[in-house]
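Engineer: Quick one, structure for this:
(chains A and B)
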Amino acid sequence: MPDQALLPLANDTPLLESGILDSLSLLRLVVFLEERFAIVMSDADLLPENFASVNTICAYLRAQESGKEVAHG
Amino acid sequence: MGDNSVPRDPQLPTHWFNILHDRPHYVTSAVSRSRLAGDVKATGQGALLQQPLSLARQSINTDDRFIPIPDEVLDLYAQYRPTPLRRAVRLEERLGANCRIYYKYEGANLTGSHKLNTALAQAHYYARAGVKHLVTGTAAGQWGTALAYACQLMDLGCTVFMVRSTLRQKPIRGEMMRLFGAVVHESPSDLTEVGRRVLKEDPEATGTQSVANGEALELVEEDSESRFAVGSGENSVLLHQTVIGQEAISQLALMGEFPDCVIASMGAGSNFGGIALPFLGAAKDSGRSIRLVAVESAACPKLTRGRYMYDLSDALGTSPITKVYSLGSTYVPPPVYAGGLRHHSAGPLASAMHADGTLEPMDVDQLTSFRAGMLFCESEGILPAPESAHAVAGMIDVVSKHPRKDDPLVVLVNISGHGLLDLGAYSRFAAEEIEPVQVDEASLSKSLSALEEFNQSIMEPAATK
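Structural biologist: All right, here's what the predicted structure looks like:
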């Protein structure tokens, strides 16, 4: 993606409302997370609450790692 | 294959051909929507994937050269595939050119065009993901018809926003969609904010694919069980259409042929990609060269006169910002009968093919295309859709320029659909009432300026927003 000029991004920056994540970048993020953390995501994982910010993505990944219940659609 | 399955012809491909494996640089280039000034309207479903992951992954898959077609889809393909490939001997005689002309005919299914190839696949993936309802925009109506039928087969609800000018030209398209259980709205409509905005500016607006898609996207934002489906442009859609080219390779091989040139019409790129991409792979494998000609409407010449820039694909403005050859999302092409060629931009994959010189664009006015369509009908007994007639016109141009002293040129043209629901247009042609509609220069100039300003705006540092 050519859009690598880094934007100010805090852990609680809203990713969806700000447009940082759209359908295409979300797909690329999913593929990245799957490869980086050796997980397989499903449609049920693609909820706004899981991708609202860096914090919620981290919480989702921690829950995946520990086998906890994460938000599902 | 289960006991109740339709017997499958050995020439029916079992996999789709994925060009992204051979050419990973064709993966869609995009910029973040956070670069948009003001309210980005990215909340709700607009920010999330409209496609199930199983389908969406196909658009960025660079690992697999061939992707298996699900059994359910293969069984449905087997009802109408392989589609015919024939040599157009009588047309060759009429043209008197130094060539052998072959055509692939995609109009011999219930819905009348190649669009069914992706409609069945998409409906399969959406249904498996638990989606209940699909919403879409359609221009010429071929995509809307195919999706309506596929949704009926997969027990999905379906709503179609069809561009006003084409729905009024051929209301029977709308009737077909309703026959398959779809709800059909003329676009622009007063059902959505997008439609109301357009109608307020111009109550007589003819509509565009961009507005129809915007209305469809707005509708799905209000219903968590609905999703937006798209009939062209997306990489996954082009992937599904590669059954066309793969079959053609096998069918031509039986006659000991490999084409010098493959020709198809260009809307956003699905029928072109469907026939051309497998030949690109086959040419690479065999060390041959091949010309790939994309024929667009002179009323909407995105490849020949557009800019390769970042643009939105719908009037609602919720789509990703992708790099495409575009006339600008505000360009309103003059109404032409080839409604399927009126989208303001080519899809990202077809655009990338033009950018690196793989694709050769050509524009044809609609009067020339109707002449070519009638000649094809008189010679071959098939009335091509107005979109496909553009491909025939392009093919005639190519073969007529081929030198007589050279070996005969072998060309393959994709007849993507039939024109039996376009008889009104052909009747007007016969009555000499069709004009060679060209681009609307004033509208184009304004739209291209807006596109350039949009690109300058999104390339400014984010801190200035």
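Engineer: which stretches of the stretch 351-465 of chain B have low pLDDT?
Structural biologist: Segments of the stretch 351-465 of chain B classed as low confidence (criterion: pLDDT under 70) are B:461-465.
Engineer: For it, which segments count as helices?
Structural biologist: Assignment of helices within the stretch 351-465 of chain B using DSSP state H, counting those that start in this stretch yields the ranges B:366-380, B:386-400, B:423-430, B:441-459.
Engineer: now swap in the stretch 51-200 of chain B and tell me
Structural biologist: Across the stretch 51-200 of chain B, reading from the start of the chain, the helices by DSSP H, counting those that start in this stretch fall at B:53-56, B:71-77, B:89-95, B:116-128, B:142-153, B:164-169, B:171-179, B:193-201.
Engineer: now chain A
Structural biologist: With DSSP state H as the criterion, chain A has helices at A:23-37, A:48-51, A:54-66.
Engineer: most tightly surrounded among these?
Structural biologist: Mean neighbour counts were taken over those using mean count of other Cβ atoms under 10 Å in any protein chain shown, and the top value, a mean of 18, falls to helix A:48-51. From N, CA and C alone the C-beta is placed, and that goes for glycine too.
Engineer: pull the CA atoms of that helix into PDB?
Structural biologist: C-alpha atoms of helix A:48-51 as PDB (Å, rounded to 0.1, in the frame of the first residue of the first chain):
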ATOM      1  CA  PRO A  48     -16.500  -3.300  15.100                       C
ATOM      2  CA  GLU A  49     -15.800  -3.900  18.800                       C
ATOM      3  CA  ASN A  50     -12.800  -6.000  17.900                       C
ATOM      4  CA  PHE A  51     -11.300  -3.500  15.600                       C
END
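Engineer: for that helix, the distance to its chain's centre please.
Structural biologist: Distance of helix A:48-51 from its chain centroid, counting by Cα atoms, centre = their mean, to the nearest Å, is 7 Å.
Engineer: Just name whatever secondary elements that helix is in contact with.
Structural biologist: Secondary-structure packing of helix A:48-51 (3 or more Cβ pairs under 8 Å, 6 or more residues apart in numbering or on different chains; DSSP states H and E): helix A:54-66.
Engineer: and the helix it packs on, what's its mean pLDDT?
Structural biologist: For helix A:54-66, the mean pLDDT works out to 92.
Engineer: before we move on, what about stretch B:326-334?
Structural biologist: For stretch B:326-334, the mean per-residue pLDDT is 89.
Engineer: Please apply the same query to stretch B:73-83.
Structural biologist: 97.
Engineer: cool, and stretch A:37-46?
Structural biologist: For stretch A:37-46, mean pLDDT rounds to 91.
Engineer: That stretch near chain B at all?
Structural biologist: Yes - contact between stretch A:37-46 and chain B is present through A:Met41, A:Ser42, A:Asp43, A:Leu46 (criterion: Cβ under 8 Å from any Cβ of the partner chain).
Engineer: Return the members of the residues you listed classed as buried.
Structural biologist: The neighbour count (16 or more other Cβ atoms under 10 Å in any protein chain shown) marks A:Met41, A:Asp43, A:Leu46 as buried among the residues of stretch A:37-46 next to chain B.
Engineer: if we can go back for a sec, name the stretch among the helices of the stretch 51-200 of chain B that sits most buried.
Structural biologist: Among these, the stretch with the highest mean neighbour count (mean count of other Cβ under 10 Å) is helix B:142-153, at a mean of 28.
Engineer: Could you check the angle that one makes with helix B:171-179?
Structural biologist: 20 degrees (axes from the mean of the first three to the mean of the last three Cα atoms, to 10 degrees).
Engineer: centre of the chain versus helix B:142-153, how much separation?
Structural biologist: For helix B:142-153, the distance from its own C-alpha centre to the chain's C-alpha centre is 15 Å (Cα atoms, centre = their mean).
Engineer: Show me what that helix packs onto, helices and strands only.
Structural biologist: The contact analysis (3+ Cβ pairs under 8 Å, 6+ apart) places helix B:142-153 against helix B:116-128, strand B:133-138, strand B:157-163, helix B:171-179.
Engineer: who's in contact with it?
Structural biologist: Applying Cβ atoms under 8 Å, 6 or more residues apart in numbering or on different chains, the set of residues contacting helix B:142-153 from outside is B:76, B:110-113, B:115-116, B:118-120, B:122-123, B:134, B:136, B:138, B:156-158, B:160, B:162, B:173, B:176-178, B:180-182, B:184, B:229, B:231-232, B:340, B:385, B:387, B:417.
Engineer: How about stretch B:415-422?
Structural biologist: The set of residues external to stretch B:415-422 that reach it, using Cβ under 8 Å, 6+ apart, is B:103-108, B:112-115, B:141-142, B:170, B:172-173, B:176, B:264-265, B:271, B:337, B:373, B:376-377, B:382-389, B:391-392, B:425-426.
Engineer: export it as PDB, just CAs?
Structural biologist: Extracted C-alpha coordinates of stretch B:415-422, given in PDB (Å, rounded to 0.1, in the frame of the first residue of the first chain):
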ATOM      1  CA  ILE B 415     -19.700 -12.300 -26.800                       C
ATOM      2  CA  SER B 416     -20.500 -11.700 -23.200                       C
ATOM      3  CA  GLY B 417     -24.300 -11.700 -23.500                       C
ATOM      4  CA  HIS B 418     -27.200 -11.700 -25.900                       C
ATOM      5  CA  GLY B 419     -29.100  -8.700 -27.000                       C
ATOM      6  CA  LEU B 420     -32.600 -10.200 -27.100                       C
ATOM      7  CA  LEU B 421     -33.700  -7.800 -24.300                       C
ATOM      8  CA  ASP B 422     -32.200  -4.900 -26.300                       C
END
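Engineer: ok and the residue in the stretch 251-400 of chain B nearest chain A?
Structural biologist: Proximity of the stretch 251-400 of chain B to chain A (Cβ to the nearest Cβ) peaks at B:Pro320, 3.9 Å away.
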